[in-house]
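S.K.: fold the following and give me the result.
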Amino acid sequence: MDLVDVLRKNALTAMKAKDAVATTILRLAQSEVQALQSRVERELTDDEAFGVIRKLVKSNQETLAALGESGERGETVRREIEILSALLPKRLSVAEIVAALSPVADAIKSAASDGQAMGVAMKHLKVQGAQVAGNDVSEAVK
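M.R.: Numbering: from 1, shown residues only. Here you go, the predicted model:
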């Protein structure tokens, strides 16, 4: 089942449960994914669709930072982040990244610059199909 189907199913479940926050954010995510699909005029890969969800999570995190931690709107945004984050594949922690990079540790250490070390690390992690955040990889490389 692709992400669009998951969004549609979850939105329907949220509507039946009369969960306004979940229904709204899932419909928004669904429309954003469909809009990107219309712009590129082809079926989206899962990575592209997850990128849209990550963008929405990041936008909500920025909104939450601007609003502060209190207030009803802050609670709503926090809940939206939880709902969207549940759709994303689990990302590796820094410790898991360090463990995954152990086979190429010598190549990373012998790299001439931090940029080259990051390139070696990211290439290795991509081949493994690992979901990682760039700043976590940077921390693991250092």
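
S.K.: got a pLDDT number for the spatially most central residue of the chain?
M.R.: When the chain is reduced to its mean C-alpha position, the nearest residue by Cα atoms, centre = their mean turns out to be R54, at 3.7 Å. What the model reports as pLDDT for R54 is 90.

S.K.: does it belong to a helix, a strand or coil?
M.R.: The three-state label for R54, taken from DSSP: H, G, I helix; E, B strand; the rest coil, comes out as helix.

S.K.: phi, psi for the residue nearest to it when sequence neighbours are not counted please.
M.R.: Counting by Cβ to Cβ, 6 or more residues apart in numbering, R54 lies nearest to L88, which is 6.6 Å off, once chain neighbours are set aside. Every C-beta, even on glycine, is put in place using the N, C-alpha and C of the backbone. Note on L88: backbone dihedrals following degrees, to the nearest 10 are phi -80, psi 150.

S.K.: now do the same for L88: its pLDDT.
M.R.: We have a pLDDT of 84 for L88.

S.K.: contacting residues for it?
M.R.: F50, I53, R54, V57, Q131 (Cβ atoms under 8 Å, 6 or more residues apart in numbering).
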